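Visitor: structure, please.
(one chain, ligands or ions: 1)
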Amino acid sequence: MKKALGLFSGGLDSILAAKLIQEQGVKVELINFYTPFFPPKNAIKISKQLKLKLKKIDITKDYIKMLRNPKHGYGSEMNPCIDCKILMLKEAKKYAKKINAKFIFTGEVLGERPMSQNKKALKLIEMENGLKRKLLRPLSSKLLPITEAEKKWVNRSRLLNIIGRRRDKQMKLAKKFKIKKYPYPSGGCLLTYKEYAKKIRDLLKNKKRVTRRDLELLKLGRHFRFKNNKIIVGRNKEENKKLLELKQKTDYIFEVPNIGSPTTILQGPKTKKAIEIAAQLTARYSDAKRKTKVKYGRKLKRKLIVISIKEREIKKLRI
Ligand code: SF4
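Guide: Predicted coordinates:
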């Protein structure tokens with residue numbers, strides 16, 4: 001039986017693309033690329049429901065390199081959608097060869113996303129990977145040039161002509177395929193969120209070697225920058241716990257003893273001023289009155305009396 005490989009996020013478009021190809025008697029395998037910006041959770045869950053084999057590949061390392069200077073720029077925030085797709089397809093192409101898949105397909109819909117799903121971008125994504133006319137987009141195929149897959153393995157007339165951002169056709173199709181639950185579109189990629197984008201910009205600017213841990217930390221707490229220091233203040237018990245798990249040996253932690261207090265992490269040089277600011281921020285988000293004792297250090301063994309930081313200072317430091 002002929003086989004095809006589908007890029008799979010777990011979102012409705014990628015589910016429908018897989019169904020449309022399966023419907024034509026092609027064996028479908030799926031591939032998901034993940035990073036801390038877009039985790040594989042949905043893809044794993046939905047592929048199980050669909051009973052389709054899923055290969056997961058962590059592309060974090062290459063992704064960070066690309067994210068510093070994407071050849072085709074960013075979208076509305078820090079989302080380098082065109083380069084992201086190019087990177088994923090480059091890897092998908094290698095894997096397709098390995099499993100002997102005849103062609104690759106995606107759930108892309110013409111005109112659904114302004115940056116990466118207009119005709120020019122779709123063509124560019126193919127060209128940069130040597131996949132000209134070799135990449136099938138079943139949801140919009142009839143609006144795009146005919147591909148090798150349609151000449152040899154699937155019937156173009158049974159593929160679709162969806163265009164634009166409205167989702168009604170996809171919803172109808174979901175009903176036809178009896179797909180009841182699927183994740184909301186656009187819920188997936190943190191790089192499209194304004195607040196997260198600010199933090200990732202700051203991180204890339206201030207750190208040469210960004211790790212997975214750095215990226216996980218961006219999802220937690222309030223973030224502040226003071227010169228070469230990064231200060232992260234937990235917002236609730238759960239975040240405090242996670243911050244402690246993610247802290248490195250060289251980081252200092254801060255807490256106000258005996259009352260409700262955030263856990264704060266101080267990264268970077270432990271100068272007197274940096275310690276004072278981290279302690280003042282901890283005091284500000286604790287239940288303490290203006291002046292309080294703050295414990296700090298690698299193991300909270302030192303202490304400092306501080307007055308909580310003023311709002312205008314917070315504004316200057318906040319990332
Ligand atoms: S939204 Fe995020 S995951 Fe999707 S193409 Fe853009 S950068 Fe890649």
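Visitor: Lys19 contacts Ala174, correct?
Guide: No: between Lys19 and Ala174 there is no contact under Cβ atoms under 8 Å: 9.1 Å. (Each C-beta comes from the backbone N, C-alpha and C, glycine too.)
Visitor: quick one: the strands in this protein?
Guide: 3-7, 27-34, 54-58, 103-105, 135-136, 222-226, 229-233, 252-255, 264-267, 291-297, 302-307 (DSSP state E).
Visitor: distance to the ligand added to these, as a markdown table?
Guide: Shown next, in a markdown table, are these (distance: least, Cβ to the nearest ligand atom, whole Å):
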| stretch | distance to the ligand |
| --- | --- |
| strand 3-7 | 10 |
| strand 27-34 | 8 |
| strand 54-58 | 14 |
| strand 103-105 | 16 |
| strand 135-136 | 15 |
| strand 222-226 | 21 |
| strand 229-233 | 24 |
| strand 252-255 | 33 |
| strand 264-267 | 26 |
| strand 291-297 | 37 |
| strand 302-307 | 40 |
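Visitor: alpha carbons only: can I get stretch 154-170 in PDB?
Guide: Taking Å, rounded to 0.1, in the frame of the first residue of the first chain, the C-alpha atoms of stretch 154-170 are listed here in PDB:
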ATOM      1  CA  VAL A 154      -4.300  10.600  -5.300                       C
ATOM      2  CA  ASN A 155      -7.400  11.900  -7.100                       C
ATOM      3  CA  ARG A 156      -7.300  15.700  -7.300                       C
ATOM      4  CA  SER A 157     -11.000  15.900  -7.800                       C
ATOM      5  CA  ARG A 158     -11.600  14.500  -4.400                       C
ATOM      6  CA  LEU A 159      -9.400  17.100  -2.700                       C
ATOM      7  CA  LEU A 160     -10.700  20.600  -1.600                       C
ATOM      8  CA  ASN A 161     -10.600  24.200  -2.500                       C
ATOM      9  CA  ILE A 162     -10.800  25.900   0.900                       C
ATOM     10  CA  ILE A 163      -9.500  29.400   1.100                       C
ATOM     11  CA  GLY A 164      -9.400  32.100   3.800                       C
ATOM     12  CA  ARG A 165      -9.800  32.300   7.600                       C
ATOM     13  CA  ARG A 166     -13.400  31.200   7.900                       C
ATOM     14  CA  ARG A 167     -13.600  27.800   9.400                       C
ATOM     15  CA  ASP A 168     -17.100  26.700   8.400                       C
ATOM     16  CA  LYS A 169     -16.000  24.300   5.700                       C
ATOM     17  CA  GLN A 170     -13.600  22.700   8.100                       C
END
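Visitor: low-confidence regions, the chain specifically.
Guide: Applying pLDDT under 70 to the chain flags the ranges 184-187.
Visitor: which parts of it sit against the ligand?
Guide: Residues of the chain that fall close to the ligand, judged by Cβ under 6 Å from any ligand atom: Phe38, Asn79, Pro80, Cys81, Cys84, Lys85, Ser116, Cys189, Leu191, Thr192.
Visitor: would you list the residues you listed in CSV and tack on neighbour count?
Guide: Output for the residues of the chain next to the ligand, formatted as CSV (neighbours: other Cβ atoms under 10 Å):
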residue, neighbour count
Phe38, 23
Asn79, 23
Pro80, 23
Cys81, 23
Cys84, 26
Lys85, 27
Ser116, 21
Cys189, 19
Leu191, 22
Thr192, 20
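Visitor: so can I have a markdown table of those showing distance to Asn236?
Guide: Shown next, in a markdown table, are the residues of the chain next to the ligand (distance: Cβ to Cβ, whole Å):
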| residue | distance to Asn236 |
| --- | --- |
| Phe38 | 24 |
| Asn79 | 28 |
| Pro80 | 32 |
| Cys81 | 32 |
| Cys84 | 31 |
| Lys85 | 36 |
| Ser116 | 35 |
| Cys189 | 24 |
| Leu191 | 24 |
| Thr192 | 24 |
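Visitor: nice, that's everything, thank you.
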